[in-house]
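Asks: Dropping a prediction and its sequence here:
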Amino acid sequence: MSPTTLPAGPEHGHVTFLGAGPGDPGLLTLRAVEALANADVLVAEHEVLDVVRKHARQGVAEVHTDADPATDPVPGTGTPQLTVVNGTSTTAGVPAVRDAAHLVMEAARGGRRVVRAVSGDPGLDAYAAEEMLACAAAGVPFEVVPGVATAVGVPAYAGVPLRDAHGADVRFVDARTASDRCWTEVGASDGTVVVSTTLDGVGAAAGELVSAGRKPDTPMTVTVAGTTTRQRTWTATLGTIAQTLKQAKALPSPEGGRPVIAVVGERSAAARREQLSWFESKPLFGWKVLVPRTKEQAASLSDQLRSYGAVPHEVPTIAVEPPRTPQQMERAVKGLVTGRYEWIAFTSVNAVKAVREKFEEYGLDARAFAGIKVAAVGEQTAKALIAFGVKPDLVPSGEQSAAGLLEDWPPYDPVFDPIDRVFLPRADIATETLVAGLIELGWEVDDVTAYRTVRASPPPAETREAIKGGGFDAVLFTSSSTVRNLVGIAGKPHNVTVIACIGPATAKTAEEHGLRVDVMAPEPSVHKLAEALADFGAKRRLAAIEAGEPVTRPSERRPGARRRRTTT
């Protein structure tokens, strides 16, 4: 398929109109994920593309808007205009923008499965309804996968329930298209009003409601970038909201296509939002956290950070390369097959990967481990082995390190152990702790360089500037080498950035590089390190609240501001 054309065919395809929700990718339904995985063509506006793209299959053709929110002051108020591109190209050389309904119909020809993704719920999208009618008129089969409506999902994330035990009436208004009659009707009601608008239009919407009969002291909450880690909510009244936003210097959300959601009403729980604001009160809400690992290595850690409200940013500090002389590794792998070893010990995910790649090179699989005992230094290494089809016999019950592995490792017993040799595939810069400990336990060790670790290439200039200029709220150092390498390829983190280290050795290296350590994990585990950072963030947030100060992120401090040394 050409990246700039959608080939036509005589057969009718199938169109799925899919609600992408208000912004949080986690709000996609299971049915939505299934439909995306089977799509041949993905049609979506710019603001929802990142939410749905990750679930689409590789090679899917994409059709999306090329609009720039900065030049489109009121997105969504005109007919959607879409541009044909593929998953890797830019908009250079593509056809002129065309009407969305036309492109949906064109994309469905030739028996293709089309997913038309819209923000929120398709049932509340007027243009999606027009496109459904076009499909019906042309005999193109379609289905609708509902999504979480923006006007419902955003208040829920802002801690503003729309109804209470009294069952107040709830009205929904799109201020960008509302008529005078609409404002009059909602103004005459005493129920809750949910207004979709723009940040610049909040004051005008409040004025319309007051003119229609609502009291100026009626509570009002305004939420921008709802359900994302950029979410921010202000609480005021109809009469004071304009001044509140002005004093807060509120800026439009970078997600220009998503509406600002305002909730108005005596029973909208605006006064109770402090107790109900579960999302914005997460311990690391909105924190940009640098994780010095590759995306593959940092997957579970990044997920954990997101659960605390953080925005993880992975920056690899090391690159893994094959050993300079592969003969030693080749002999050891052959020794596995011929019964040379009683044990094989894996001290990293990279070691598992190196052995697995060598196995594949020789046409071997996990069955080659039959009769050999397998040890893993920790949970992540054990998961990598299980993915390979190997269940480890030994994982440390305590500290997940070489020392922890040695504590549980049995001494060599010539009566019960027919072979006295251990295969230890590891990095070229690994310490000798494990080798020395195994020898003390009576084992012979083949210490084999399975891979080399070298300093990674520098990250993009924008990332380097953020590191040195205080653009990150925290950085997690998981080893001494990550400290040395990050400083070497990107520079020293700014003094407002919270420094979190996995253990004393890493903390010492950080201090040697002029960094002040704020957080140290209670035990050498990346997940305990993330927990410790979250605890630090929670205490910091509570201290600000108790002092009557606004809750801010470390990166929001004034340049040059002194930082108190706090450990956890």
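Replies: Yep, it's here.
Asks: Skip the chain neighbours and tell me the closest residue to residue 472.
Replies: Closest residue to residue 472 apart from its sequence neighbours, by Cβ to Cβ, 6 or more residues apart in numbering: residue 290 at 4.7 Å. C-beta coordinates here come from the backbone N, C-alpha and C atoms, glycine included.
Asks: and that neighbour, what element?
Replies: Assessed by DSSP states H and E, residue 290 sits inside strand 288-291.
Asks: For the following helix or strand past that strand, buried residues please.
Replies: On the C-terminal side of strand 288-291, the closest following helix or strand by DSSP H and E is helix 299-307. If you call a residue buried by 16 or more other Cβ atoms under 10 Å, then helix 299-307 has these buried ones: 301, 302, 304, 305, 306.
Asks: Now do helix 299-307: distance to the chain's middle.
Replies: The chain centre lies 7 Å from the centre of helix 299-307; the measure is Cα atoms, centre = their mean, to the nearest Å.
Asks: Output it as CSV, restricted to C-alpha atoms.
Replies: Provided in CSV are the C-alpha atoms of helix 299-307 (Å, rounded to 0.1, in the frame of the first residue of the first chain):
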residue,chain,number,x,y,z
ALA,A,299,8.8,-0.8,31.0
SER,A,300,7.6,-2.0,34.5
LEU,A,301,9.3,0.9,36.3
SER,A,302,7.7,3.4,34.0
ASP,A,303,4.3,1.8,34.5
GLN,A,304,4.8,2.1,38.3
LEU,A,305,5.8,5.7,38.0
ARG,A,306,2.7,6.4,35.9
SER,A,307,0.6,4.9,38.7
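Asks: re the thing from before, tell me the one of the buried residues of helix 299-307 nearest residue 418?
Replies: Set against residue 418, the nearest of the buried residues of helix 299-307 by Cβ to Cβ is residue 301 (40.1 Å).
Asks: what sits against the closest one?
Replies: Neighbour list for residue 301: 291, 293, 312, 476, 526, 527, 530 [criterion: Cβ atoms under 8 Å, 6 or more residues apart in numbering].
Asks: can you check residue 244 too?
Replies: 234, 236.
Asks: Specify the local secondary structure of it.
Replies: helix (DSSP: H, G, I helix; E, B strand; the rest coil).
Asks: nearest to residue 224, of the contacts of residue 301?
Replies: residue 312 (22.1 Å).
Asks: before we move on, back to that, can I get the buried residues of helix 299-307 in a markdown table including distance to residue 513 and pLDDT?
Replies: Output for these, formatted as a markdown table (distance: Cβ to Cβ, whole Å; pLDDT from 0 to 100):
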| residue | distance to residue 513 | pLDDT |
| --- | --- | --- |
| 301 | 22 | 90 |
| 302 | 24 | 91 |
| 304 | 26 | 94 |
| 305 | 23 | 96 |
| 306 | 28 | 94 |
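Asks: which among those gets closest to residue 553?
Replies: Scanning the buried residues of helix 299-307 for proximity to residue 553, where the rule is Cβ to Cβ, the winner is residue 305, at 13.8 Å.
Asks: which residues touch that closest one?
Replies: 284, 289, 291, 312, 530, 533.
Asks: and the residue nearest to residue 472, what is it in contact with?
Replies: 313, 315, 467, 472, 474, 475, 476, 486, 493.
Asks: among the contacts of residue 305, which two are most distant?
Replies: 284 and 291 (12.5 Å).
Asks: ok, which stretches of the stretch 401-550 of the chain are helices?
Replies: Remark: helices assigned in the stretch 401-550 of the chain by DSSP state H, counting those that start in this stretch are 402-408, 433-440, 461-469, 480-490, 504-512, 526-546.
Asks: Can you tell me which of the ones you listed is packed in deepest?
Replies: Compared across the helices of the stretch 401-550 of the chain, helix 480-490 shows the largest average neighbour count, a mean of 21 (mean count of other Cβ atoms under 10 Å).
Asks: Report all helices and strands that that one contacts.
Replies: strand 318-321, strand 444-455, helix 461-469, strand 474-477, helix 504-512 (3 or more Cβ pairs under 8 Å, 6 or more residues apart in numbering; DSSP states H and E).
Asks: Taking helix 480-490 as reference, get the angle to the third one.
Replies: Spelled out, that is helix 461-469. Per axes from the mean of the first three to the mean of the last three Cα atoms, to 10 degrees, the angle that helix 461-469 makes with helix 480-490 is 110 degrees.
Asks: now helix 461-469: how far from the chain's centre is it?
Replies: 20 Å.
Asks: tell me what that helix is packed against?
Replies: Looks like helix 461-469 contacts helix 480-490 (3+ Cβ pairs under 8 Å, 6+ apart).
Asks: quick revisit: in TSV, list the helices and strands packed on helix 480-490 along with distance to residue 119 and mean pLDDT.
Replies: Shown next, in TSV, are the helices and strands packed on helix 480-490 (distance: least, Cβ to Cβ, whole Å; pLDDT from 0 to 100):
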stretch	distance to residue 119	mean pLDDT
strand 318-321	39	85
strand 444-455	42	90
helix 461-469	27	95
strand 474-477	31	96
helix 504-512	43	94
